[in-house]
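Q: predicted model and sequence below, questions to follow.
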Protein chains: 2
Amino acid sequence: MVEELDSRKKRILQAIIQEHIISASPIGSRTLAKKYNLDVSPATIRNEMADLEDLGYLEQPHTSAGRIPSDKGYRYYVDQLVSREQNQEPGVIENIENLYQDLQDVQDIISGMAKMLSNMTHYTAMVSEPKSQISRLKKVEIMQLANNSLLLVLVTDAGMVNNKIINLDQNLLAEKISYINNFLSDKLENKLLANLDSNYLKKVEKELMARLDLSVDLFKQFYNEFEGAFEPGAVKVYIGGTSYILEQPEFNDLKKVKKMLKLLDQEEMLNKIINSISGTDLEIKIGQENEVEDIKNCSLVVATYYISNRAVGKIGVIGPTRMEYPRVISSVDVISDILGKLISKASG
Amino acid sequence: MVEELDSRKKRILQAIIQEHIISASPIGSRTLAKKYNLDVSPATIRNEMADLEDLGYLEQPHTSAGRIPSDKGYRYYVDQLVSREQNQEPGVIENIENLYQDLQDVQDIISGMAKMLSNMTHYTAMVSEPKSQISRLKKVEIMQLANNSLLLVLVTDAGMVNNKIINLDQNLLAEKISYINNFLSDKLENKLLANLDSNYLKKVEKELMARLDLSVDLFKQFYNEFEGAFEPGAVKVYIGGTSYILEQPEFNDLKKVKKMLKLLDQEEMLNKIINSISGTDLEIKIGQENEVEDIKNCSLVVATYYISNRAVGKIGVIGPTRMEYPRVISSVDVISDILGKLISKASG
DNA sequence: TTTAGCACTCAACAGCAGAGAGTGCTAACA
DNA sequence: TGTTAGCACTCTCTGCTGTTGAGTGCTAAA
């Protein structure tokens, strides 16, 4: 399906895509001949363009218009014509790292990076929280706030902090709390979150109840919260720069904007989108390649970020298929790197 | 400036506003005579409309168009022609309360209520976090995560939980941590946050250092975090239903939509907007009455919510001046009530 | 004071012509 | 055989025009 194109066809395809990325409108043979010194006449270019259209790399909105790239055309461009080398100016990475190095809070880092990425690319950025399933529980502790009110604090080794206020219908003595904390530390800390499923929790609960001589009801709520805190589906997605999509000419239609914004309002949808990317490295989904119906006219550039060499989350950008791929790719690359480093550092 | 209008003028003004809220376009005399049985001919209505325009309650987009209400017109409508009685169907309040009563987390309650409000009104809703200045610190505790890494947990009596991971360049023994916790509890808990300013904190720090025989540097970062956590300006604003503004015909212009979305993207701006409302009860700002320049073509309906009889935060709605005031007013009223109750209960 | 009648205004819309950009095809050329 | 100039053709876009319709303000009569 992916033919090898001769070098002139490659040059022409590349030129059309680059020009289209800038102008957002169909490109004609004359424009191409003038702006890119291809050393052939417009007529020749026209022939080549007709060929490229037959092969599926280009499309024609109507008979007397120029050509625009098809999804297949962009795919070829991204795979064959864009060098994936880091072409960020030197120093940028250090600057960003320095700028954010004081942040200790993982949530702050994530939303900061989402903003940074959307600023750099001028597209909408999204970042998923570090996946908890492959993290370990680093700390569990309950503390007493008032007579019947406890605060449950959970910290993962990825630095994610989770806390819940729990109201009990019964008072709890300080010694018991301290006993519970020791017990829970022993049973739960340093375990993989994936292993802390309801079965295991129920067992721990039973044992604890037996030792404490307390009613089971007392801790029912506690375990509900606990279970909920690290559900696999509960990955939060941060987005930044929603308003950038309005700058894209392909969203000049109010209906499209509306659809898009509704989409980005729904957290489940973002989850679905960002989790539909299976690749372990930087991955690009162009138009129809996307699984989620509503973004089949968009492109995604998503990278995985790592904490101590384990893949834990995704960071990426969503924009029109007519996207500045080279720039976006390098930005996503850089930012995903920095994000991993910052979180690693913050979670010590 | 606010003349007393005779009853026929009132009826006509009310009819025009109600009709305009539905149709979003200028209202003519014939339409009015047909749809509302005012028992006078269109010609008479025209005369009255000319009067109302002279008085500033109506405007005419161009000579041969109908009239639309001015800001002053809406103001009169809201003040004199809308009954502020709760006209929510009975049971709605109970239903919502039941729906959300399981939520223990204050942040969840707030964002849930923002969503609920935007769903009910079909405008964009915003809620500010409980103001910390008038809250008391209920609990302060540090816990050890790893050798050089601590977690600082702060809980206010409004139920807001704040936590920060702190990395030290020095190890800290468990006894010291326990000593510090006791010390901090003693010095900080149950104090008004407003009183925990940097002066006071510095004093506490000094005393603690002296007793512990530790270097001052060790806790520098700690106090930075601590100070930052409850800054007066740091009130977070939750918004919900951003995409609803796109449904309003007055935002048919892409430029306007863009401006609006950019505005709502900026947290400082939301802060400025919601804090520009000074009233203690339900307050309405119509168009030009708004202080923030960029929303002078919008209206705000904002209520204050209370926790144990103290005003702590604002909840409201932003939409076009052509807003369904009666419905919005009653929704904001109801939701602000429920919000206060839910938080009170959760932070019980 | 109210109302019918009427001339007037203005935005919105449809229809149309012309310009401009771009194509595909053909025939000539190197 | 590949390349190019020329040309007729197509289609969108823009601006102009006339028409329509909703609505007004004024006047004069009831």
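A: Now that the structure is in, tell me what you want to look at.

Q: how about the residues of the stretch 201-348 of chain A near chain B?
A: Counting by Cβ under 8 Å from any Cβ of the partner chain, the positions of the stretch 201-348 of chain A adjacent to chain B are A:225, A:241-243, A:246-247, A:252, A:254, A:257-258, A:261-262, A:265, A:346-348. Quick note: C-beta positions are derived from backbone N, CA and C, even for glycine.

Q: would you map the helices across the stretch 151-300 of chain A?
A: Here the stretch 151-300 of chain A has its helices, by DSSP state H, counting those that start in this stretch, at A:174-188, A:198-212, A:220-229, A:254-265, A:267-275.

Q: the nearest residue to A:Leu208 once chain neighbours are set aside and DNA strand D, how far apart?
A: Excluding the flanking residues, the one nearest A:Leu208 by Cβ to Cβ, 6 or more residues apart in numbering or on different chains is A:Phe183, at 5.7 Å. According to Cβ to the nearest atom of the strand, to the nearest Å, A:Phe183 stands 71 Å off from DNA strand D.

Q: residues near A:Phe183, how many?
A: By other Cβ atoms under 10 Å in any protein chain shown, the residues close to A:Phe183 number 15.

Q: I figured it hits A:Ala210, correct?
A: No - using Cβ atoms under 8 Å, A:Phe183 makes no contact with A:Ala210, being 11.2 Å away.

Q: tell me the pLDDT at A:Gly316?
A: For A:Gly316, the model assigns a pLDDT of 96.

Q: give me the three-state assignment for it.
A: Under the three-state scheme (DSSP: H, G, I helix; E, B strand; the rest coil), A:Gly316 adopts strand.

Q: what does the stretch 1-150 of chain A put close to DNA strand D?
A: For the stretch 1-150 of chain A, the contact set with DNA strand D under Cβ under 7 Å from any atom of the strand comprises A:Asp39, A:Val40, A:Ser41, A:Ala43, A:Thr44, A:Asn47, A:His62, A:Thr63, A:Ser64, A:Ala65.

Q: contacts only, for the nearest residue to A:Asp265 once chain neighbours are set aside.
A: Distance criterion Cβ to Cβ, 6+ apart; nearest residue to A:Asp265, sequence neighbours excluded, is B:Ser243 at 5.4 Å. Neighbour list for B:Ser243: A:Lys258, A:Leu261, A:Lys262, A:Asp265 [criterion: Cβ atoms under 8 Å, 6 or more residues apart in numbering or on different chains].

Q: quick one: the first one and B:Ser25, what's the gap?
A: When distances are taken as Cβ to Cβ, to the nearest Å, A:Lys258 and B:Ser25 turn out to be 21 Å apart.

Q: swap in the second one?
A: Per Cβ to Cβ, A:Leu261 is found 25 Å from B:Ser25.

Q: swap in the third one?
A: Using Cβ to Cβ, we find A:Lys262 at a distance of 26 Å from B:Ser25.

Q: pull the distance from stretch A:97-110 to the chain's centre.
A: 17 Å (Cα atoms, centre = their mean, to the nearest Å).

Q: give the contact list for the closest residue to DNA strand C within the stretch 1-150 of chain A.
A: The minimum distance from the stretch 1-150 of chain A to DNA strand C, using Cβ to the nearest atom of the strand, falls at A:Gly28 (2.5 Å). Contact analysis of A:Gly28 by Cβ under 8 Å, 6+ apart lists A:Pro42, A:Ala65, A:Gly66.

Q: what number of residues lie near the closest residue to A:Ser83 other than its chain neighbours?
A: Leaving aside its chain neighbours, A:Ser83 sits nearest to A:Pro326 (7.7 Å; criterion: Cβ to Cβ, 6+ apart). Residues within reach of A:Pro326, counting by other Cβ under 10 Å, total 18.

Q: so A:Pro326 is in which element?
A: Assigned by DSSP states H and E, A:Pro326 belongs to helix A:325-346.

Q: cool, A:Gly319 as well?
A: Per DSSP H and E: strand A:310-320 holds A:Gly319.

Q: now for that strand, which elements pack on it?
A: Here strand A:310-320 touches helix A:106-121, strand A:124-128, helix A:267-275, strand A:298-307, helix A:325-346, going by 3 or more Cβ pairs under 8 Å, 6 or more residues apart in numbering or on different chains; DSSP states H and E.

Q: pLDDT value on the residue nearest to A:Lys272 when sequence neighbours are not counted, please?
A: Spatial nearest neighbour of A:Lys272, excluding adjacent residues (Cβ to Cβ, 6+ apart): A:Val292 at 5.7 Å. For A:Val292, the pLDDT comes out at 91.

Q: and what of A:Asn95?
A: Reported pLDDT for A:Asn95: 86.

Q: just to be sure, it is in a strand?
A: No - A:Asn95 is assigned helix when assessed by three-state DSSP, not a strand.
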